[in-house]
Structures are given as C-alpha cells and as structure tokens.
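[1] sharing a model that was predicted from the sequence below.
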Amino acid sequence: MSPTAEVYTTEEYPLYSSYGTLYDDDPEPCNKEEVVKFGSWYIPTFYSLVFLLGLAGNTLVVLVLFKYKRLKSMTDIYLLNLAFSDLLFVFALPFWSYYAANEWVFGNGLCKFISWAYEVGFYSGINFIMLMSIDRYLAVVHVVFALKARTVNYGTLASLVVWLVAILASVPRLIFSTALDEYNHTTCKSDYPKNGMRWNLFTALEINIFGLLIPFLVMLFCYTRIVMTLLHCRNEKKKKAVKMIFAVMVIFVLFWTPYNIVLFLECLVDEGIITGCLTSKFLDYASQVTQTLALFHCCLNPIIYFFMGQKFKKYIKLLLKNCGLPDTFHAESSSSFYTQSTSDEKPL
C-alpha cells in the first residue's frame, strides 16, 4: 500500500482489513497517513519472510509424503492437503507484498483470483486441521470403528468435501473483490453493494463462525475425549501420536484468534457501531500485526512435523542425501508417530 492520500485513505489488505471511515462526531476526516506508512514497510517485510519459509517448508512436506510415505493412510492424505492449503497462502503473498508497498497493478482478474484463492486456503486449512483431530479421536477413542473408517479412500473423499466447502464459502470473495481506482491509487478490495445485504458483516461472521468457532469446538471435543481415554492407559506410543496434531491445532488457534477478533471489531467500525478516529487507527495497526501473526502458522506446521516426528527427520535426511546436499540431521530410527498406514499400525 502506498501513502498517497494526505488526509483520508481507504485501502484494504488481503485479510480484509480496511483503513477506516468518516465519523459523524469527528470534526475532520480521520488521518491515516501514519498507518499507511507503517504498513508500506512492515507488511512486505514479514510477507516476504513468510513466503520464503512457507514455500520451503511445505514443499518439503509434499516431497516427503509423495516420495517416502506414499500416502498410505488417512492422516497422510490430510497432511498433504494441509500443505497444499498452506501453499495457497504462500502463492498469494508476493502479490499482497507488492500491493502493500505500492498499489495493485495486476488487474481485476488477478485481484479476484488471488483474493479467492487466499480465502480458500484459509477455510481448507482450518478444516483439514479439524479432520486430523477427528482422525486422532477415532483412532484413540473408537479403536474398532477406526479399523474400517481410517482408510485412504475415506480420507480422499473427506478431503474433496473440504475443498468443495472451502471453494463455495469463498465465492463472495470471488464475486466482490475488485480492482478500484481511489485517490489516484489502485486498490484490490471487496466492493460490496451499497443498498444490498451487509456483506462486510456477513463475511466477517462467516470467517469467525465457520473458520474458527465451529472447528475449535470440534477439536475441543475430540481432544477432551482423547485425553480422558489416554488417562486410562499407559501406552506411550498413543500419547506421542496425539502430540503433533494437538500442537498443530493449538498453534492455529493461537495464531488466528487475535486476527479474527480484530476483524470482527473492524467490521463494527465499518458499520458505525464503534466510532472514533483513535479507535480506528488502533485497530488498523492491530490488524497489520495480527495479519502477519496469522500468516506465520503456514510456516510452523512443517517445523512441528520435523521436531516431533522422528521418522520425518529420517525422511528429510534421505531426501537431502538424494539431492546431494550435506546431512545436518541426526539419524533417527524410532517409529513414526503420525502417519503409519491403517494396514500396519495398531489403532491409536
């Protein structure tokens, strides 16, 4: 984003944050120049870092799953699709990074597609984490049923459903995202109808309810039952098998919840429920910071796999050897805790 307007700037970042409005009780328009300048260097810096880490980490996960795991279990399928979801975020970041530092120069078609793909990645990512939690729940709590249910075919079918739901949920973003010329500056933002339904409030509630609240409640139920079950057994292998999925869930909630709260508050500002220039500025700064915090989650999942998955370390070592790169990892011989196939594992 470029600080082109001296007094009042209406701009929007990819995570739907807006830069204020005019308030009836303000004596003059709300000056957002400092917010614009802050975002013009802060956003590109952190987006570039997330792009590099996210692209490298998730590409490595995809290579390991295809080359060594060969998608033998339901969990493998979910991990692969989660990596693809994270890569959707990564794919969009160079566009948003340039936009934050300058203006949108990629045309209306790419504005719609990048905005839509970004939101598809968000909805699919949280739902695949939710499916992985359900997968662990079935493996630990319903052992007999898990023998029949935790198969590659069912995992593939569930993944297709998740992608379909994510695509449909993101249709409003595809329809309303538009490249607009404002104050001699081109923006890429959601342009909602003036006299129609309050789509801005609808999309914020949709993200908070379907992208955070419902998945969190499902995960909370799953892990509550898992913990209750594990308290009655001493199988360390079972306990290790839950740690990775649980860590992925906790990190997602911690990294996305602050942004979802700020997003909802900004919606209230846009609707005139919350007013005041100082409040609007504070939310703008908070939005930029929580945006980058939320995006970092796509870099952390591969790190969790590496540090908590013994066999994953082994596969990375083999991959580096095959690529002719020096081995910097310790050899590990312990068994995998998260992606054993249904045919050769004892149900967790």
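    Now that the structure is in, tell me what you want to look at.

[2] what about the strand or helix carrying S97, average pLDDT?
    Here S97 sits within helix 74-101, counting by DSSP states H and E. Regarding helix 74-101, the rounded mean pLDDT is 88.

[3] and if you look at stretch 64-71?
    Across stretch 64-71, pLDDT averages out at 78.

[4] what do you get for stretch 105-115?
    pLDDT averaged over stretch 105-115 gives 92.

[5] quick one: contacts for the residue nearest to the spatial centre of the chain?
    The chain has F122 as the residue nearest its centroid, 4.4 Å off, counting by Cα atoms, centre = their mean. The neighbourhood of F122, defined by Cβ atoms under 8 Å, 6 or more residues apart in numbering, consists of 89, 166, 207, 211. C-beta: built from backbone N, CA, C; applies to glycine.

[6] where does pLDDT dip in the protein?
    1-29, 195-197, 234-242, 244-245, 248, 271, 305-313, 316-317, 319-348 (pLDDT under 70).

[7] list the buried residues for the helix holding S97?
    Buried residues in helix 74-101, counted by 16 or more other Cβ atoms under 10 Å: 74-93, 95-97, 99-101.

[8] likewise for stretch 253-273?
    Here stretch 253-273 shows 253, 255-260, 262-263, 265-267, 269-270 as buried, counting by 16+ other Cβ under 10 Å.

[9] tell me the secondary structure at the residue nearest to W104 when sequence neighbours are not counted.
    Leaving out its chain neighbours, the residue that sits closest to W104 by Cβ to Cβ, 6 or more residues apart in numbering is C188, at 4.1 Å. Three-state call for C188 (DSSP: H, G, I helix; E, B strand; the rest coil): strand.

[10] run a quick neighbour tally on C188.
    Neighbour count of C188, defined by other Cβ atoms under 10 Å: 27.

[11] look up the residues forming beta bridges with it.
    A179 (DSSP bridges).

[12] that one contacts G107, correct?
    No - the pair C188 / G107 is not scored as a contact, 9.4 Å apart, by Cβ atoms under 8 Å.

[13] so for the two, which residues contact both of them?
    Shared contacts of C188 and G107, counting by Cβ under 8 Å, 6+ apart, come down to A179.

[14] circling back: between helix 74-101 and the helix or strand that the helix holding S97 is followed by, find me the angle.
    The helix or strand immediately downstream of helix 74-101 is helix 107-141, counting by DSSP H and E. Calculated by axes from the mean of the first three to the mean of the last three Cα atoms, to 10 degrees, helix 107-141 forms an angle of 150 degrees with helix 74-101.

[15] immediately after helix 107-141, which helix or strand?
    helix 143-149.

[16] show me what that following helix is packed against.
    helix 107-141 (3 or more Cβ pairs under 8 Å, 6 or more residues apart in numbering; DSSP states H and E).

[17] list the buried residues for the helix it packs on?
    110-141.

[18] ok, which stretches of this protein are strands?
    For the chain, strands defined by DSSP state E occupy the ranges 177-182, 185-190.

[19] mind putting those strands into a markdown table with distance to V61?
    Shown next, in a markdown table, are the strands of the chain (distance: least, Cβ to Cβ, whole Å):
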| stretch | distance to V61 |
| --- | --- |
| strand 177-182 | 29 |
| strand 185-190 | 30 |
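
[20] tell me which of the ones you listed is the most buried.
    Mean neighbours per residue, mean count of other Cβ atoms under 10 Å, is largest over these for strand 185-190, with a mean of 21.

[21] what angle sits between that one and helix 74-101?
    Using the same axes, to 10 degrees: strand 185-190 against helix 74-101 is 150 degrees.

[22] same for strand 185-190, what does it pack against?
    If you count contacts as 3+ Cβ pairs under 8 Å, 6+ apart, strand 185-190 packs onto helix 107-141, helix 171-176, strand 177-182, helix 199-208.

[23] distance to I43 for these - can I get that in CSV?
    Converted to CSV, the helices and strands packed on strand 185-190 look like this (distance: least, Cβ to Cβ, whole Å):
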stretch, distance to I43
helix 107-141, 14
helix 171-176, 19
strand 177-182, 18
helix 199-208, 19
